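> Have a look; sequence and predicted model below, questions after that.
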Amino acid sequence: DTAVSQTPKYLVTQMGNDKSIKCEQNLGHDTMYWYKQDSKKFLKIMFSYNNKELIINETVPNRFSPKSPDKAHLNLHINSLELGDSAVYFCASSQNVRLAGADRRETQYFGPGTRLLVL
Amino acid sequence: DQQVKQNSPSLSVQEGRISILNCDYTNSMFDYFLWYKKYPAEGPTFLISISSIKDKNEDGRFTVFLNKSAKHLSLHIVPSQPGDSAVYFCAATLHGSARQLTFGSGTQLTVLP
């Protein structure tokens, strides 16, 4: 009963290939995210979808295309893979919680990560 | 431009003692801070958070302190246990952008038995 799951866990591929990483959450959350953890270990947000709608789109090459078929799934498709795409990619989800006044706080729950190695 | 910095990549502490993990930030617009814990081959898991209207938040063995004037927060774990050995990430969000987490680079905590 994994809350946020990703497939595959490991992905080794050649430069120039196209690959997809899938993410599913069974928490009933409205928002899903993709993060990239680079070689310096920083976790950086790439995209976020709320109810299947793109709400965050950081400066990411357009070779990366997220797709959300429904609010429980957010897949990441990468075209023409490059060596620099090698990283760990984490999916996450969260639920909007409205607190007093206009304050909103959302705890993000992460998947186990997909380790991508481009050769 | 690292807006959230964890300057100690690693920390070793004896079991039973206090672990203090530090985090500095540069953006004064950050108003909510979180600590995540990460074991190898797993995703980060939420540990504790603090709003900028507070200077301390406690949850069991974990306490987070926020010093807004110094733009500094710290996570105290007492007593430390071997199971606490993990990478700890500090993260921050801007007011009105609760979903956009900015992470530090993490500190590897090792608790020695």
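Arrived safely. Residues are numbered from 1 along each chain as shown, chains lettered A, B, ... in the order given.
> In chain B, where is pLDDT below threshold?
B:96-98 (pLDDT under 70).
> Please work out which residue of it is closest to chain A.
Distances between chain B and chain A by Cβ to the nearest Cβ are smallest at B:G43, namely 3.1 Å. C-beta: built from backbone N, CA, C; applies to glycine.
> residues contacting the nearest residue to that residue once chain neighbours are set aside?
Closest residue to B:G43 apart from its sequence neighbours, by Cβ to Cβ, 6 or more residues apart in numbering or on different chains: A:F110 at 3.1 Å. Neighbour list for A:F110: A:V4, A:Y35, A:F90, A:C91, A:A92, B:Y36, B:G43, B:P44, B:T45 [criterion: Cβ atoms under 8 Å, 6 or more residues apart in numbering or on different chains].
> rewinding a little: in a strand, that's where the residue of chain B closest to chain A is, yeah?
No - counting by DSSP: H, G, I helix; E, B strand; the rest coil, B:G43 falls outside a strand, being coil.
> Residues of chain B that sit close to chain A?
B:2, B:32, B:34, B:36, B:41-46, B:49, B:51, B:87, B:89, B:91, B:98-101, B:103-106 (Cβ under 8 Å from any Cβ of the partner chain).
> out of those, which are inside helices?
With DSSP state H as the criterion, helices contain none of these.
> re the thing from before, which residues does the residue nearest to B:G43 bridge with?
A:A92 (DSSP bridges).
> same check, this time on B:F89
B:Y36.
> Make sure it is actually in contact with B:Y36.
Yes - B:F89 lies in contact with B:Y36 (Cβ atoms under 8 Å); the separation is 4.5 Å.
> Common neighbours of those two, please.
B:P44, B:F103.
> ok so, going back, please pick the buried ones from the contacts of A:F110.
Neighbour-count burial (16 or more other Cβ atoms under 10 Å in any protein chain shown) is assigned, among those, to A:V4, A:Y35, A:F90, A:C91, A:A92, B:Y36, B:G43, B:P44.
> List the contacts of the third one.
If I follow you right, that is A:F90. A:Q6, A:W34, A:Y35, A:K36, A:Q37, A:L43, A:F110, A:G111, A:G113, A:T114, B:G43, B:P44.
> Thank you kindly, that will do.
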